[in-house]
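# Provide a 3D model corresponding to the input given below.
(one chain, ligands or ions: 2)
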Amino acid sequence: MTRVAVNGVTGQMGHAVLAAAGDADVVVGFATSDADAVDGVPVVHPADAADALAEYDVDAVVDFAVPEGALTVAEACAEAGVPIVVGTTGFDEDGMARLKDVSESVPLLKATNFSRGIQVLQRLVREAVGTLDEYDLELVETHHNRKVDAPSGTANTILDVIQSERDVEPVYGREGHAPRDEDEIGVFARRAGDVRGEHELLLAGDDEVLSLSHRAEDRGVFAAGALDAAAWLVGRDAGWYSFGEVVDA
Ligand SMILES: NC(=O)C1=CN([C@@H]2O[C@H](COP(=O)(O)OP(=O)(O)OC[C@H]3O[C@@H](n4cnc5c(N)ncnc54)[C@H](O)[C@@H]3O)[C@@H](O)[C@H]2O)C=CC1
Ligand SMILES: O=C(O)C1=N[C@H](C(=O)O)C[C@H](O)C1
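Numbers count the residues shown, from 1 in each chain. Ligands and ions are numbered 1, 2, ... in the order given. I've put the predicted structure just below:
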């Protein structure tokens with residue numbers, strides 16, 4: 001049984017990880033809130049994470065928090081020699097560089113989306129964009145009204161996949177006189193209700209439209225993927241890993 005610490009344990013994803021932990025034993029959580037415990041799991045401030053990782057004998061951390069909190073805990077993992085699965089999205093360049101530094105000391109697996117369906121979607125996107133190389137591309141994501149980063153991490157990852165195949169320039173929303181350039185891709189972020197996460201890539205030629213889309217129906221799908229990643233990561237060498245490796249294992 002993997003002894004897991006959850007960063008962002010008081011959040012929506014923190015609760016989903018606690019609910020999904022079947023073969024994992026969640027022994028401690030990190031959050032900036034005043035809560036002492038969530039569902040019987042002790043809550044420790046992220047500033048004290050390095051000591052807590054040793055005290056609770058943690059095998060791996062699963063992180064769904066905010067970028068600054070994720071970095072604090074990732075750096076504590078580097079100090080304590082504990083692997084970390086990073087699910088938080090919205091890192092800037094400096095944050096990504098700090099995560100790379102952490103991966104020099106411990107195994108670090110980062111994914112903007114821990115659903116297996118999104119892994120397959122990314123592979124389909126690569127094939128479709130490479131094959132239909134003259135079709136117009138438009139990318140739309142929809143999330144719940146509490147999401148703070150836009151576009152979603154997943155949309156940015158899909159955009160990276162597209163840009164590795166085609167030289168397209170993202171246009172984030174349109175208004176006014178906005179004729180479409182041949183080489184642009186419209187990117188749209190919708191925020192409403194409690195939508196768990198929807199992503200759609202439209203590929204349109206003159207006489208046909210292909211739509212590649214995915215909808216998460218429960219946060220449990222992300223939680224289960226991240227816990228699988230944590231179990232897979234324990235015992236590996238320091239380095240940067242991807243969720244695709246877990247899905248293919
Ligand atoms: N990679 C994936 O599959 C998924 C990623 N996410 C990402 O996970 C993150 C969290 O999402 P939600 O749980 O919906 O957000 P949330 O707002 O419900 O929870 C955020 C949590 O972070 C904690 N927090 C705030 N400041 C902190 C700090 N400095 N240090 C440590 N913890 C801190 C809060 O107390 C709370 O527990 C977001 O970046 C979201 O985009 C969400 C779902 C799936
Ligand atoms: O904040 C969320 O909820 C989600 N965030 C991730 C993202 O930014 O892509 C993954 C998922 O879509 C849910």
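# kindly report the residues of the protein close to ligand 1.
7-8, 10-14, 30-33, 46, 64-66, 68-69, 72, 87-90, 111-114, 149, 153, 222 (Cβ under 6 Å from any ligand atom). Where you see a C-beta, it was placed from the backbone N, CA and C, and this is true even at glycine.
# which members of these occur in helices, if any?
12-14, 68-69, 72, 153, 222 (DSSP state H).
# which among those residues count as buried?
In those, burial by neighbour count holds for 13-14, 69, 72, 153, 222, counting by 16 or more other Cβ atoms under 10 Å.
# farthest-apart pair in those, please.
Comparing every pair within these by Cβ to Cβ identifies Thr72 and Phe222 as the most remote, at 21.4 Å.
# relative to ligand 2, which residue of the chain is the closest?
Residue of the chain nearest ligand 2, by Cβ to the nearest ligand atom: Gly197 (2.9 Å).
# from the buried ones among the ones in helices among the residues of the chain next to ligand 1, which single one is nearest ligand 1?
Distances from ligand 1 to those, taken by Cβ to the nearest ligand atom, are shortest for Gly69, at 2.1 Å.
# nearest spatial neighbour of the closest one, skipping sequence neighbours?
Pro46 (5.3 Å; Cβ to Cβ, 6 or more residues apart in numbering).
# and the helix ranked longest in the chain, what's buried?
Longest helix in the chain, counting residues (DSSP H): helix 116-131. Buried residues in helix 116-131, defined by neighbour count with 16+ other Cβ under 10 Å: 116, 118-119, 121-122, 125, 128-129.
# near ligand 2, which of those show up?
Within the buried residues of helix 116-131, nothing lies near ligand 2 by Cβ under 6 Å from any ligand atom.
# fine by me, we can end here.
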